[in-house]
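Visitor: Give me coordinates for this.
(one chain, ligands or ions: 1)
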Amino acid sequence: MFGGTFNPIHVGHLRVAEEALRQFELREVVFVPTGHPPHRPVADGVPAEDRYTMVRLATADYPQFSVSRFEVDRPGPCYTVDTVAAMKEIYPHGVAFIVGADIFARIHTWRDWPRLLRSCPFIVAPRPATDIGSFSRPPFDQAEVHLLQMPPIPVSSSEVRRRYRSGLSTTGMVPPAVDRWIRDHRLYGVAPSGAGG
Ligand code: ATP
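Guide: Numbers count the residues shown, from 1 in each chain. You can find the predicted model right below:
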């Protein structure tokens, strides 16, 4: 499973999912967009349903990618430890959690993190300016950690949002179908009628 706010989904997410599939011979990657993240409000107040739709659009051409409504359909805040437990029921052959190194480094701030660390293997993607050396030391030594072998991809949702807002190009950062949807729905303060690119 690959949890995230996906506000919006970008090519970094897709490359990480593709590499995880290939390097660990996964059956599938299930994207799990957050509903109401416990730690911070969603930037620009983009509803879960919109973020879910963008993930659907981005993954439509990938037979081994699917998108879960599990967190989107839950009314209150969702905690990853609970989502992982639910996913293990749905996918009894096993679940691994795909996560970027920036987020994994802060996992000790999450609800019930010692249980979360022991609950499934983690596939950790490099991110620019994030040290992965600490993942072999406590508390991460309680977890089964697998590092994705790939260069860090310098794309983030916050940079994508900033570029839409500033009218800068997002070409190559966002899948074309998602870009169209963002412009059609005027998300992230994007200017009307094809400005930017
Ligand atoms: P933001 O810039 O708003 O913080 P983000 O780009 O990190 O967003 P999220 O939806 O919060 O996107 O991320 C979902 C997961 O994908 C997280 O585990 C995050 O670390 C990971 N991730 C996001 N972008 C990348 C990237 N370029 N390379 C590797 N992992 C990434």
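Visitor: okay, CA-based contacts and neighbour counts for the rest of this
Guide: OK.
Visitor: Can you list phi and psi of the residue lying closest to W181 once chain neighbours are set aside for me?
Guide: Nearest residue to W181, sequence neighbours excluded (C-alpha to C-alpha, 6 or more residues apart in numbering): M54, at 7.5 Å. The phi and psi values for M54, taken as degrees, to the nearest 10, are phi -60, psi -40.
Visitor: Count the neighbours of M54 for me.
Guide: Neighbour count for M54, taken as other C-alpha atoms under 10 Å: 24.
Visitor: Tell me which residues touch it, please.
Guide: 8-9, 178, 181 (C-alpha atoms under 8 Å, 6 or more residues apart in numbering).
Visitor: Just the buried residues from those, in PyMOL please.
Guide: To isolate the buried members of the contacts of M54 in PyMOL, using 16 or more other C-alpha atoms under 10 Å:
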select buried, resi 8+9+178
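Visitor: which of the contacts of M54 sit farthest apart?
Guide: I9 and W181 (11.8 Å; C-alpha to C-alpha).
Visitor: Flag the shaky bits of the protein, pLDDT-wise.
Guide: 37-39, 193-197 (pLDDT under 70).
Visitor: Show me what the biggest helix by length in it is in contact with.
Guide: Once the chain is assigned using DSSP state H, the helix that runs over the most residues is helix 11-24. With C-alpha under 8 Å, 6+ apart as the test, helix 11-24 has contacts from 2, 26-29, 59, 98, 123, 125, 148, 150, 153-156, 172-175.
Visitor: Just the buried ones from those?
Guide: Looks like these have 2, 26, 28-29, 59, 98, 123, 125, 148, 155-156, 173-175 buried, using 16+ other C-alpha under 10 Å.
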